[in-house]
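# Next comes the sequence, and after it the predicted model I'd like to discuss.
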Amino acid sequence: MRHIAIYVRVSTKAQDTASQEADLKKWVQAHVGDEPVQWYRDKFTGKVMDRPGWSKLEAAMQAGRVSKLICWRLDRLGRTAKGLTALFDDLPKWKVRLVSIKDGLDLGTAAGRLMANVLASVAQFETEVRAERVLAGQARAKADGKTWGGSEKGRLLSVTQDQVEMILRLHGEGKSKSAIARATSVSRPTVYRIIDQRA
């Protein structure tokens, strides 16, 4: 039996999904009858589409088990134009209707598809601008003579358990360290350190 998929994502474990879930539960109460609902959740960066909760949801959609995909905002699905536009192409093939409750999107119309692609580009733009701000801040701090201290050996900073698991899985699949670093949004030294620690 097909079900309605509700997808919730935040970027880090420190962030809370409460505001998303409150709005999504209201949508379910207002629009869902007897059709079953299944929730999929991630605490993972939106810069990559390979995320644990999303991978389960994508497999369910490909298998024809999902009728609708509901999200709070489009950028919860991902923050790269490439990943989102590929998804927009796949959803009609899988016969899945996308509803983004804050964006008011319906991919069943030409206007909806145009708006979805514009929002995908905006999501990527916001990510790139944020990265540029971080780099500019680091350059400014370095010019002011500020330095960052080291940490105790073996300690992993700002790396989630999901990222560690993905690094080890991709390493097991024979991916290069550079490709793993790009896919998981961590530095190559961190990738090497995680692999070495688990060896």
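Structure received. All figures in this text were calculated on a predicted structure; none of them were measured in a lab.
# Leaving out chain neighbours, which residue sits closest to the residue nearest to the spatial centre of the chain?
The centroid of the chain falls nearest to residue 46 when counting by CA atoms, centre = their mean (2.8 Å). Spatial nearest neighbour of residue 46, chain neighbours left out: residue 79 (3.7 Å); criterion: CB to CB, 6 or more residues apart in numbering. For every residue, glycine as well, the C-beta is placed using N, CA and C.
# Would it be right to say that the one you found lies in a strand?
No - under DSSP: H, G, I helix; E, B strand; the rest coil, residue 79 falls outside any strand and is assigned coil.
# That one and residue 47: what is the separation?
Residue 79 sits 6 Å away from residue 47 when distances are taken as CB to CB, to the nearest Å.
# do the same with residue 29
Using CB to CB, which is the criterion applied here, residue 29 is 33 Å from residue 47.
# same thing with residue 132?
14 Å.
# How about residue 111?
If you go by CB to CB, the gap between residue 111 and residue 47 works out to 28 Å.
# Residue 29 and residue 47: which has the busier surroundings?
In this view residue 29 and residue 47 are compared by other CB atoms under 10 Å, and residue 47 has more residues nearby, 17 against 8.
# Surely that one is in contact with residue 80?
Yes - counting by CB atoms under 8 Å, residue 47 touches residue 80, with 6.3 Å between them.
# Mean confidence (pLDDT) on the helix or strand hosting residue 140, please.
Applying DSSP states H and E as the criterion places residue 140 in helix 110-143. For helix 110-143, mean pLDDT is 68.
# which parts of the next helix or strand after that helix are buried?
Later in the chain than helix 110-143, the nearest helix or strand by DSSP H and E is helix 161-172. Within helix 161-172, the residues that qualify as buried are 162, 163, 164, 166, 167, 170, 171, counting by 16 or more other CB atoms under 10 Å.
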